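# The following comprises the amino acid sequence and a computationally predicted model.
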Amino acid sequence: MASKTNPIAFLQQVRSETAKVTWPSRRETMISTIMVFVMVFLAAVFFFAADQLMGWAVGLVLGAAA
């Protein structure tokens, strides 16, 4: 069951907990963002190649390869 906390007290607790968070620097955020884009690109290339290879193999097996 939910406790009956005063909304003002709740907001004060949220503010104090938020102050404890170690936020990343702008540089760390940029590096992480770039790394995500690189990994997404690599995954896209991998899945594209895997799809092309499997499509070619299925076409070869089914005799539909042109």
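Noted; the coordinates are in hand. Numbering: from 1, shown residues only.

# Run through the protein and note the low-pLDDT ranges.
Judged by pLDDT under 70, the chain has its weakly predicted residues at 1-3, 64-66.

# Do you have the helices of it handy? List them.
Along the chain, the segments classed as helices by DSSP state H run 7-19, 26-62.

# So which other helices or strands are in contact with the last one?
Just to be clear, that refers to helix 26-62. Judged by 3 or more C-beta pairs under 8 Å, 6 or more residues apart in numbering; DSSP states H and E, helix 26-62 is in contact with no other helix or strand. C-beta here means a position set from N, CA and C on the backbone, and glycine is covered the same way.

# circling back to that earlier point, pipe the helices of the chain into JSON lines and attach mean neighbour count per row.
Shown next, in JSON lines, are the helices of the chain (neighbours: other C-beta atoms under 10 Å):
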{"stretch": "helix 7-19", "mean neighbour count": "9"}
{"stretch": "helix 26-62", "mean neighbour count": "10"}
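
# quick one: the one residue sitting closest to the centre of the chain from Trp56, how far?
For the chain, the residue nearest the mean C-alpha position is Val36 (7.3 Å; C-alpha atoms, centre = their mean). Using C-beta to C-beta, to the nearest Å, Val36 is found at 30 Å from Trp56.
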